[in-house]
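Novice: Sequence below, structure please.
(3 chains)
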Amino acid sequence: MKQFAFSRASRLRLRKEFEAVFDAGNKTVTRELVAWHSQGSDDARKIGLMVSRKTGGAVERNRLKRLLREAFRLTQRELKEGTRLIIYPKAGCAVKDLAQARGALETLRRKARLGNDGK
RNA sequence: GACCGCGGACGGAGGGCCGCUCUUCCCGCGAGGGAGGGGAGGAACUUCCGAACUUCAAGGGCAGGGUGCCGGUUCAAAGCCGCUAAGCGGCCAUAGGCCGGGCGGCGGGGGCCAGAUCCCCCGCCGACGGACAGCGCCACAGAGAACAUACCGCCCGCAAGGGUAAGGGUGAAAAGGUGCGGUAAGAGCGCACCGCGCGCCGGGCGACCGGCGCGGCAGGGCAAGCCCCUCCUGAAGCAAGGCCAAACAUGCGCGACGGACUGCCCGUCCGCCCUUCGGGGCAGCGCAGAGUGGGCCGCAUUAGAUAAAUGGUCCUCCAAGUCCCGCAAGGGACCGGACAGAAUUCGGGGUACAGUCCGCGGUCUGGA
RNA sequence: GCGGGCGUAGUUCAAUGGUAGAACGAGAGCUUCCCAAGCUUUAGACGUGGGUUCGAUUCCCAUCGCCCGCU
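Specialist: Numbers count the residues shown, from 1 in each chain, chains lettered A, B, ... in the order given. All right, here's what the predicted structure looks like:
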């Protein structure tokens, strides 16, 4: 298994999966992001991204999702195993490059206590 | 050479590492892994038109929607025809675009002696059928805005009253314009020219134009107000539509096995409960199944996803920008890449766009 | 992807094709010892660009922005 892989197994892809995370009710808000999270039944860490139309045009929305996805890809091993995470950037989110995306994700991880402390 | 306008082309290049998606091959029981190859645009934006395609409906009419000077040209997929097949060749259309022309409006320039009219040239604009089919609306001003008893006037007349529509005035618009005649004053009342309408002739494929003759003009504007006329038009859209398996509400049907057999036949065995012994309920099995949530096809012959890939980072180079040094050629530093991203496909229109290059036109300037 | 609808003061809404109004809000003044309330008064808008018309917020076209619905 590749160290920084990000295949379909790392994404929330079904409506059921999203609903399960929402129903768990764990919501964390940081300066840039809103996130819901829960613990899955297996060890895979999965992420789902939602970007509002108010963020901008298709180019801007894709850019934001790619940055957040890249940040998740590079730092996923620091998350607890089995974490299910849904990230929703706030309107006016100031994440413009990869460094800011990693920073925003780190802040979220610390505030929501999703770090991989056990190992 | 600089600037501006129009049209066209391009719209960063190369590489390393980490990733995504599709596909071919190989390895692996499998999850998966490895190698090779493909992976955004001229607008992918907009959704303003049209076509293919799909389902439904189809007998006609009305309604509704669209269209609106003339000629030519352009146009994809599909369709039709021909050729032995791959494929090639030919033909046809709507919307839209382009080119040219006609007519009208506005503006500018020139010409006939000055001005108006008229004629010629140039530029811009025009959804450019119909106002005797009907309805509606024309604010303010003005006497009057559409069926006209005419405000100031003019003329006849002592007056009452009558005749007038030339002049003044209002307005976007007031019963064709100018001139001459005519008259009590006037008026197409008469005449000439122009305009208008009708007819004939000629030119042009045609819109239309020109000439001749006739008609004194028989009565405002707005149809991108309703409307009438011409021509076109069945409706919806890939979230169309087709298929697959799963779970559940519900409905319908059914004792099981064996033998015989076209079929009513015979034997053996029987989950529970109620029973008025006909049967009923629950369970089981089979079938159907609204809705729900999935998957496949549609969906791609060089993108083909479905919470939706085409990315991140670093290095070198190339434009452009800013600053510094230099008379200049040039050098150095910093910064840094427009608008924007497929979701059935195709064609046209519209809109956005840093910068580079090419062509054409215009203005200014320099040299020969 | 497709189909509908709407853009008017700071906000919420009006207006047969002819002067753009109302309420709340804002500013100023009066009143009060001061504030609130009340009274008087002022400023402020037809998303943008063309076309039709004598004249467009209104009609038509284009463009920009916003909202809703369809699995």
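
Novice: pLDDT below threshold where in chain A?
Specialist: For chain A, residues meeting the criterion pLDDT under 70 lie at A:1-3, A:92, A:117-119.

Novice: need the residues of it near RNA strand B, please.
Specialist: Chain A comes close to RNA strand B at residues A:1-9, A:11-16, A:18, A:48-50, A:57-59, A:62-63, A:65-67, A:70, A:73, A:97-98, as judged by Cβ under 7 Å from any atom of the strand. The way it works is simple: take the backbone N, C-alpha and C, and place the C-beta from them, glycine included.

Novice: Repeat the analysis, applying 6 Å as the threshold.
Specialist: Remark: the part of chain A in contact with RNA strand B comprises A:2-9, A:11-16, A:18, A:48-50, A:57-59, A:62, A:66, A:70, A:73, A:97-98, using Cβ under 6 Å from any atom of the strand.

Novice: Return the subset of the residues you listed lying in strands.
Specialist: With DSSP state E as the criterion, strands contain A:48-49 from among those.

Novice: Type out the ChimeraX command that picks the buried ones from the residues of chain A next to RNA strand B.
Specialist: Only the buried entries of the residues of chain A next to RNA strand B go into this ChimeraX selection, using 16 or more other Cβ atoms under 10 Å:
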select /A:11,12,18,48,49
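
Novice: Sticking with the residue lying closest to A:Ala20 once chain neighbours are set aside, tell me its helix or strand.
Specialist: Nearest in space to A:Ala20, with sequence neighbours left out and distances taken as Cβ to Cβ, 6 or more residues apart in numbering, is A:Ser38 at 6.7 Å. Under the criterion of DSSP states H and E, A:Ser38 resides in strand A:33-39.

Novice: Could I have the CA atoms of that strand written out in PDB?
Specialist: Taking only C-alpha atoms (Å, rounded to 0.1, in the frame of the first residue of the first chain), the coordinates of strand A:33-39 have been written out as PDB:
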ATOM      1  CA  LEU A  33     -13.800  25.200   8.200                       C
ATOM      2  CA  VAL A  34     -16.900  23.500   9.400                       C
ATOM      3  CA  ALA A  35     -16.500  19.700  10.000                       C
ATOM      4  CA  TRP A  36     -18.500  16.700  11.000                       C
ATOM      5  CA  HIS A  37     -16.800  13.600  12.100                       C
ATOM      6  CA  SER A  38     -17.400  10.100  13.400                       C
ATOM      7  CA  GLN A  39     -15.700   6.800  14.000                       C
END
